[in-house]
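Undergrad: please work out how this folds:
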Amino acid sequence: MLTDLSATGAQRSSLARIAVDPSALSNPLVRVNADGKIELVFHAAGAIGAAEVQDLVALGADIVITLTSPAGLIQAWVPYQQVEAAAALPWVVAVTPPAYGEHNPHPAELPGDLDRQ
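TA: From the prediction side, this is the model:
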């Protein structure tokens with residue numbers, strides 16, 4: 001995905017007249033916004049605080065939510081160009097996509113519905 005976003009950025013600079021929307025690269029696992037930021041969760045081995053939040057903000061991240069302890073995590077939209085730098089921060093032990101909820105179909109939409117057979 002980072003390669004796709006880099007290619008999109010190159011297209012954007014060389015073809016300024018054509019609108020390129022990086023959010024089209026979103027999929028059920030990872031979301032990308034129109035600015036080319038990827039929504040990710042950064043996990044820490046222990047408690048986190050303002051310094052860790054500032055580390056991500058300094059890289060251009062927009063913070064969604066922060067859980068400080070017992071094992072801290074920060075969910076943020078991170079510029080695609082900064083994902084590797086953010087993952088390399090000394091307090092980061094794992095980077096994952098957020099756990100997006102799934103659509104729970106109405107019972108009438110389920111296959112094999114007895115009322116519709």
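
Undergrad: residue ranges with poor pLDDT in this protein?
TA: Scanning the chain with the threshold set as pLDDT under 70 gives 1-18, 102-117.

Undergrad: assumed residue 85 was part of a helix.
TA: Yes - assessed by DSSP: H, G, I helix; E, B strand; the rest coil, residue 85 belongs to a helix.

Undergrad: burial check on it, number of neighbours?
TA: Close neighbours of residue 85, defined as other C-beta atoms under 10 Å, add up to 15. Any C-beta I mention is one placed from the backbone N, CA and C, and that applies to glycine too.

Undergrad: nearest spatial neighbour of it, chain-adjacent residues omitted?
TA: residue 59 (5.8 Å; C-beta to C-beta, 6 or more residues apart in numbering).

Undergrad: also residue 87?
TA: Of all residues not flanking residue 87 in the chain, residue 95 sits nearest, at 4.8 Å (C-beta to C-beta, 6+ apart).

Undergrad: return the residues in contact with the one you found.
TA: Counting by C-beta atoms under 8 Å, 6 or more residues apart in numbering, residue 95 touches 40, 41, 42, 43, 83, 86, 87.
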